[in-house]
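predicted structure and sequence below. I'll ask about it afterward.
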Amino acid sequence: MVKHENFKTCAQSGFCKRNRAYGDTALSSSNWAAPYSLDPASVKFEKGILTGTVSKTIANTGEAVRLPLTVAFYESGTARVTIDEERRQKGEIELRHNSKAKKQRYNEAEKWAIVGGTTVSTGAATSKAAEKGTTKIVYGPASKFEAVIRHTPFGVEFKRDGETQVKLNDRGLLNMEHWRPKVDKPAPEKKEGEEEKKEGEEAVVVESDKEIAEDDGTWWDESFGGNTDSKPRGPEAVALDIEFPGYEHVYGAAEHAGPLSLKETRGGDGKYSEPYRLYNSDVFEYEMDSPMTLYGAIPFMQAQKKDSTVGVFWLNAAETWIDITKTTTSANPLSFGIGSSVTTQTHWISEAGLLDVFVFLGPKPQDVIGAYTELTGYTQLPQQFAIAYHQCRWNYVTDEDVRDVDRKFDKHRIPYDVIWLDIEYTEGKKYFTWDPMTFPDPLGMNKQLDEHERKLVAIIDPHIKNKGNYPIVEELKSKDLAVHNKDDNIYEGWCWPGSSYWIDCFSPKGREWWKGLFRYDKFRGTMKNVFIWNDMNEPSVFNGPETTMPKDNLHHDHWEHRDVHNINGMTLVNATFDALLARDKVEDKHHVRPFVLTRSFYSGSQRLGAMWTGDNQAAWPHLEASIPMLLSMGVSGFPFAGADVGGFFGNPSKELLTRWYQAGAFYPFFRGHAHIDTRRREPYLAGEPYTQIITQALRLRYALLPAWYTAFHEASVSGAPIIRPNYYVHPGDEKGFGIDDQFYLGSYGLLAKPVTKEGQEGQDIYLADKEKYYDYFDFWTYEGPGTVNVAAPLDTIPFLMQGGHIIPRRDRPRRSSGLMRYDPFTLVVVLGNSGDAEGTLYLDDGESFDFQEGGYIHRRFSYASSTSTLMSEDLAAAAGKKTKEYLKQMEKVRVEKVIIVGAPAAWKGKGEVEVSEEQSGKISAARKVSLDWHDKEDGKAAWAVVRDPGVQIGSGWKIAFA
């Protein structure tokens, strides 16, 4: 079980406790006056950017703290509100303890998180229709968005089409803890008979209208778990209330082990009593249904109501807590047809940094996710192997063990692409080395894997063993590239190797040095089929506070660790990604796509690789929780996500292992992994019928790789999630907004609901629309809206196809995805109520960046019932340097089968179709190809098969059925 005593609650985190109490004071006082106001005389608006000065009036003294305000309006329709603190900004503060920390509020999060979408709007303009005491900016597509900035108390209301969607500081919880010198107060004399207050009993109280007594007990230093944080800059938290009027559901704020639709956090039946916490941590044996922090932090939240989605992104890398409450306005009996509505109120609290909030006004889920990922970057288009199956455990113990596992997968005809090595492959936990006793021939091992286009992934963590005669650590020290402690000396902590130092990848020199370590001639034993796993990068420090680094440690440019903690893991992955682009002179000229798996992440990490949900357990609740966790990652802009299949800790039953593979076949990142103390559980060890059922699940994944790869391509250009929750696909269907145990794959209408409960042999699947749905395997027909029951014995995955789609597959079983490169395609045309269908296919070489120069195929397949024809048309942009070469490579790759599900009854008795194809810009003469018809039986749809139409996958063609 998780050790709760190792991790703070809000009451144990000084700034969270203070700001929660501040909020409670504000909300419980009938005459609360928020002390922040925007000076109207300071407001300027020029070229899409509004600037001004917000003043914070100090209770008791009347002194004003100047807070520079910037509100930027971008071409994308995104707005950004940023507040700094003038005195810190100018460096006009005094640090305690002779600290060398930076004096400013951390203002470099955007250097790591933001890569686009910040072109300032030329169309944004001030409105003369602003009410007194406000400034109004009209912006966005067709000027449908408005930002109404209230001067006193300061607040911002965002509207779309005249209706309020998002409110900032409407409840007056904005709080920027300004710099102040420490004044040592004399200890108050204790009066006779007065009891001593216990620690933690102090509260914020309103003494009068203008006087607030603040709890300053944690302003200057704070102890937890035997470590004292020196806080050289004093209190510096930022907090803000963000309200979504009329929105009942909010999603995102990943990563947490809880439902997709976030719960309320101020107690009550079925609610949490702690806020959602974002503070990247190594949480051993994490618990289910909890707002407790995990390994990664994405401070991006969406709100959903019928046919409307909005969102906010809180750009802050420090420890952050988010309270969520909901209020219901009852229906007005005089307003016919207007029911009650729910408003979600959120309270965001960060320990340090700027107040920096991006607001997205939708109106569709993809508009919000697309705008967020335009800012933070789209998911990497991975190599083809990376979306196939990965086999891992801690640990494969020798190079011969790896070879043996590889041979056994082949012997049992089970496909896999990648085998992984955890920390034991190294010599004494020294990274970039091989244990000479157990891995004497790493190149021989890698060459065997390469024979069947398989890969190896090796773990490299950021802690470097502090041991003599280890060149890596000697260089790290001599070049001064490690993280420093508060005294600005090299920081020493404890991790897997024992005494360790941590590479500081905020340092440009540190990143450059790290890159060099991965060159083939430096990391000997690696070759082109070796890729990297970055673990423990929160960072995990076994003897540190909350199993991480002290917050007053110092990084490059003297930023404190507290400022950058949640970004820290991303900096390591960024350096590793850059290293894997080129590891020799050939690759210097022709980069390869990296593959890096990370445990810790932040907004923007999606550009660099995959993540997984960390150290889960071999238990049914963990299998069940994996689905909402991965859906949450997808709608948070990081869709390349997975969970350890089988569970990391413990030994799964054979039923659980089998069901987990069936679910894992739908994880965007699909890896089996296990702890060093568990029994071996490679699929071929399960025995029958389990091995065969697991193999079927793996083969389903491999057959659908064309659809998966196309979905990954879509994510890489639009930010769209790869597995999609009901609300994303059906944003008008309020009944489905809380559903998080079923999902759609890409844009293909493929609806899966894996079994996640022991002994369950049927699944209720919710269908949101009136469309026809067919069982993927036997074409049994269902129709919505409503819930349908699908039989699910152990050998069956509940998996439906929605009418109106065309799904590309490759049906020939192979040992690895690389061996499928030139295999023919099957197209499954799923006809629904309209009788029409369409789908797309994206293909490239699956490894290089040639697609950026036109080396790809992108086709749209469409079936029109009005003409009874199936067509393939080109979606590719203008031809590039590599287009011709790639089309030449793929010219023999054909469509070997077309299956039409829900085939029209009029085709009965029809024995052939006409096929014509574009060749050298001309349409070939039509030729006849046979058609097999299968009539409907019981509840199964009629279907037809065109066998070997012989058309090229990369060319234009037409199949006429009438």
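Arrived safely. Residues are numbered from 1 along each chain as shown.

C-alpha from now on. contacts and neighbour counts both.
Will do.

just give me the neighbour total for the nearest residue to Trp957 once chain neighbours are set aside.
Spatial nearest neighbour of Trp957, excluding adjacent residues (Cα to Cα, 6 or more residues apart in numbering): Glu917 at 4.1 Å. Applying other Cα atoms under 10 Å, we find 22 residues neighbouring Glu917.

what's the answer for Ser868, then?
14.

contacts only, for it.
Going by Cα atoms under 8 Å, 6 or more residues apart in numbering, Ser868 touches Ala960, Phe961, Ala962.

select only the buried ones of those residues in PyMOL?
A single PyMOL command selects the buried members of these (16 or more other Cα atoms under 10 Å):
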select buried, resi 960+961
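
pLDDT, secondary structure and distance to Lys132 for the contacts of Ser868 - can I get that in JSON lines?
Converted to JSON lines, these look like this (pLDDT from 0 to 100; DSSP: H, G, I helix; E, B strand; the rest coil; distance: Cα to Cα, whole Å):
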{"residue": "Ala960", "pLDDT": "98", "secondary structure": "strand", "distance to Lys132": "67"}
{"residue": "Phe961", "pLDDT": "97", "secondary structure": "coil", "distance to Lys132": "67"}
{"residue": "Ala962", "pLDDT": "90", "secondary structure": "coil", "distance to Lys132": "68"}
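
quick one: the contacts of Ser868 as a markdown table, columns for distance to Val2 too.
Output for the contacts of Ser868, formatted as a markdown table (distance: Cα to Cα, whole Å):
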| residue | distance to Val2 |
| --- | --- |
| Ala960 | 62 |
| Phe961 | 61 |
| Ala962 | 64 |
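
which helix or strand in this structure has the lowest average pLDDT?
strand 205-206 (a mean of 35; mean pLDDT, DSSP states H and E).

Leu262 and Ala253, how far apart?
Using Cα to Cα, to the nearest Å, Leu262 is found at 9 Å from Ala253.

I meant Leu354, not that one.
As for Leu354, its distance to Ala253 is 18 Å (criterion: Cα to Cα).

what's the answer for Gly155, then?
Gly155 sits 23 Å away from Ala253 when distances are taken as Cα to Cα.

check Gly48 too.
Distance check for Gly48 against Ala253: by Cα to Cα, it reads 29 Å.

between those two, tell me which one has more neighbours.
Each of Gly48 and Ala253 has its neighbours counted (other Cα under 10 Å); Ala253 has more, 26 against 21.

OK, contacts around Gln606?
Shown in contact with Gln606 (Cα under 8 Å, 6+ apart): Gly377, Tyr378, Thr379, Gln380, Gly637, Phe638, Pro639, Phe640.

in which helix or strand does the residue nearest the centre of the chain reside?
In the chain, the centroid-proximal residue (Cα atoms, centre = their mean) is Phe638; its distance is 2.6 Å. Using DSSP states H and E, Phe638 is not contained in any helix or strand.

that one contacts Thr379, correct?
Yes - counting by Cα atoms under 8 Å, Phe638 touches Thr379, with 6.4 Å between them.

helix or strand: which one has Glu374?
Element membership for Glu374 (DSSP H and E) is helix 365-376.

can you tell me the SS state at Lys551?
Using DSSP: H, G, I helix; E, B strand; the rest coil, the structure places Lys551 in coil.

what ranges does the stretch 101-250 of the chain have for its strands?
Applying DSSP state E, counting those that start in this stretch to the stretch 101-250 of the chain gives strands spanning 125-126, 134-139, 145-150, 155-160, 163-168, 175-176, 205-206, 212-213, 222-224, 227-229, 238-244, 249-252.

where in the stretch 301-450 of the chain is pLDDT low?
Along the stretch 301-450 of the chain, segments meeting pLDDT under 70 span 331-338.

can you give me the strands for the stretch 851-962 of the chain?
For the stretch 851-962 of the chain, applying DSSP E, counting those that start in this stretch gives strands covering 856-864, 869-874, 895-901, 912-919, 922-923, 927-934, 943-947, 957-960.

and the fourth one, what does it pack onto?
Strand 912-919 is packed against strand 927-934, strand 957-960, with contacts defined by 3 or more Cα pairs under 8 Å, 6 or more residues apart in numbering; DSSP states H and E.

tabulate those strands (CSV), appending distance to Glu222.
Output for the helices and strands packed on strand 912-919, formatted as CSV (distance: least, Cα to Cα, whole Å):
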stretch, distance to Glu222
strand 927-934, 73
strand 957-960, 70
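
can you say which of those is packed in most?
Of the helices and strands packed on strand 912-919, the one with the most neighbours on average (mean count of other Cα atoms under 10 Å) is strand 957-960, at a mean of 20.

quick one: strands adjacent to that strand?
Take DSSP bridges as the rule and strand 957-960 pairs in its sheet with strand 869-874 (antiparallel), strand 912-919 (antiparallel).

give me the buried positions along the last one.
Of all the residues in strand 912-919, those buried under the rule 16+ other Cα under 10 Å are Glu912, Val913, Glu914, Val915, Ser916, Glu917, Glu918.

what about the strands in the stretch 451-600 of the chain?
For the stretch 451-600 of the chain, the strands defined by DSSP E, counting those that start in this stretch cover 455-459, 463-465, 493-495, 498-502, 530-534, 596-598.

chain center to the second one, what's the gap?
What it means is strand 463-465. 28 Å (Cα atoms, centre = their mean, to the nearest Å).

so what touches that strand?
Strand 463-465 is contacted from outside by 429-431, 472-473, 495, 497-503, using Cα under 8 Å, 6+ apart.

any idea of the mean pLDDT for it?
The pLDDT scores in strand 463-465 average 98.

direction included, what does it pair against?
Applying DSSP bridges, one finds strand 463-465 paired with strand 498-502 (antiparallel).

using PDB, write out the CA atom coordinates for the partner strand.
This file holds the C-alpha atoms of strand 498-502, laid out as PDB (Å, rounded to 0.1, in the frame of the first residue of the first chain):
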ATOM      1  CA  GLY A 498      23.300   4.200  -3.700                       C
ATOM      2  CA  SER A 499      25.100   7.600  -3.500                       C
ATOM      3  CA  SER A 500      24.200   9.500  -6.700                       C
ATOM      4  CA  TYR A 501      24.400  12.900  -8.500                       C
ATOM      5  CA  TRP A 502      21.700  14.100 -10.900                       C
END
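
check which residues of it are buried.
Neighbour-count burial for strand 498-502 flags Ser500, Tyr501, Trp502 (criterion: 16+ other Cα under 10 Å).

then stretch 475-484?
Of the residues in stretch 475-484, Leu476, Asp480, Leu481, Ala482, Val483, His484 count as buried by neighbour count, 16+ other Cα under 10 Å.

likewise for stretch 787-799?
Neighbour count says stretch 787-799 has Val790, Ala792, Leu794, Asp795, Thr796, Ile797, Pro798, Phe799 buried, by 16+ other Cα under 10 Å.

now do the contacts for the fourth one.
In other words, Asp795. Per Cα under 8 Å, 6+ apart, neighbours of Asp795: Ile693.

helix, strand, or coil at it?
Following three-state DSSP, we place Asp795 in the coil state.

please tell me how far it sits from Asp215.
60 Å.

just the first one next, same as before
In this structure, Val790 lies at 57 Å from Asp215, with Cα to Cα as the measure.

ditto for the third one
In this structure, Leu794 lies at 58 Å from Asp215, with Cα to Cα as the measure.
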